[in-house]
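Visitor: structure here, sequence nowhere to be found:
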């Protein structure tokens with residue numbers, strides 16, 4: 001995986017690197033450029049517009065899977081519409097998996113969320129074959145953990161949209177927060193067919209081997 005691939009040089013390098021099988025990128029609206037671009041907050045400008053990213057990703061000789069991490073609700077619908085209209089056939093023919101990710105629920109340390117979770121899931125499902133990747137907004141600097149309430153809210157969301165028994169859904173959780181008390185997320189996984197993706201955020205220090213091993217024990221494959 002290549003993470004936060006948000007400029008043209010990084011994308012070009014990832015597309016020709018034989019060790020890279022998937023590219024993760026952040027998507028937001030740039031007020032300065034009046035365009036949807038690839039940038040990680042607090043940056044809001046980039047030399048890589050959304051359509052330029054997709055043109056390159058669907059034209060490269062070696063197909064790479066794509067994870068689009070939406071940072072703002074307002075860019076989701078136009079991006080999905082563009083994917084459906086211009087890229088969906090190419091993505092399917094090249095067997096490129098697309099994950100559509102956002103933090104759609106409040107989580108540890110942050111009681112509010114900019115996304116409407118129902119709208120995000122409904123919009124994602126308009127793109128045939130896309131995999132919703134659903135996360136909780138969280139403050140990684142606080143000593144919190146995912147709660148039963150966090151897990152129950154996610155379970156209610158996927159049940160509402162008929163995704164609880166689907167393998168084509170991912171729960172995205174912060175690695176350090178998840179291992180503090182893995183029980184709520186473990187119970188959530190037992191009640192669904194979803195996969196769990198554990199992430200670390202920009203600016204977090206490297207994860208120790210001890211934490212990685214704790215996560216493997218808590219969430220065995």
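Guide: Looks like it arrived, so ask away. Since the model is a prediction, treat every value here as computed from it, not as a measurement. Numbers count the residues shown, from 1 in each chain.

Visitor: so which bits of the helix or strand where residue 215 lies are buried?
Guide: In this assignment (DSSP states H and E), residue 215 forms part of helix 209-218. When neighbours are counted by 16 or more other Cβ atoms under 10 Å, the buried residues of helix 209-218 are found to be 211, 214-215, 218. Where C-beta positions appear, they are placed from N, C-alpha and C, glycine not excepted.

Visitor: ok, stretch 3-14 next?
Guide: Those would be 3-8, 10-11, 14, for stretch 3-14 by 16+ other Cβ under 10 Å.

Visitor: bridging residues for residue 105?
Guide: residue 136 (DSSP bridges).

Visitor: ok, it - how many residues close by?
Guide: Residues within reach of residue 105, counting by other Cβ atoms under 10 Å, total 21.

Visitor: what's the spacing between it and residue 16?
Guide: 37 Å (Cβ to Cβ, to the nearest Å).

Visitor: please apply the same query to residue 133.
Guide: Taking Cβ to Cβ as the measure, residue 133 falls 26 Å from residue 16.

Visitor: could you pull out the helices for the chain?
Guide: Listed in chain order, the helices of the chain (DSSP state H) span 8-16, 50-57, 76-82, 88-93, 117-124, 148-160, 175-180, 183-190, 209-218.

Visitor: nearest to residue 101 among these would be which one?
Guide: Each of those has some distance to residue 101 by Cβ to Cβ; the shortest is helix 117-124, at 9.4 Å.

Visitor: angle of the closest one against helix 148-160?
Guide: 40 degrees (axes from the mean of the first three to the mean of the last three Cα atoms, to 10 degrees).

Visitor: pull out the buried residues from helix 117-124.
Guide: So helix 117-124, judged by 16+ other Cβ under 10 Å, has buried residues 117, 120-121, 123-124.

Visitor: wait, isn't residue 20 in contact with residue 5?
Guide: No - using Cβ atoms under 8 Å, residue 20 makes no contact with residue 5, being 9.2 Å away.

Visitor: now do the shared contacts for those two.
Guide: When contacts are counted by Cβ atoms under 8 Å, 6 or more residues apart in numbering, the set common to residue 20 and residue 5 consists of residue 14.

Visitor: quick check, residue 129 in contact with residue 100.
Guide: No - shown here, residue 129 and residue 100 do not form a contact pair, counting by Cβ under 8 Å, at 10.8 Å.

Visitor: between the two, which is the more surrounded one?
Guide: Between residue 129 and residue 100, residue 100 has the larger neighbour count (other Cβ under 10 Å), namely 26 against 12.
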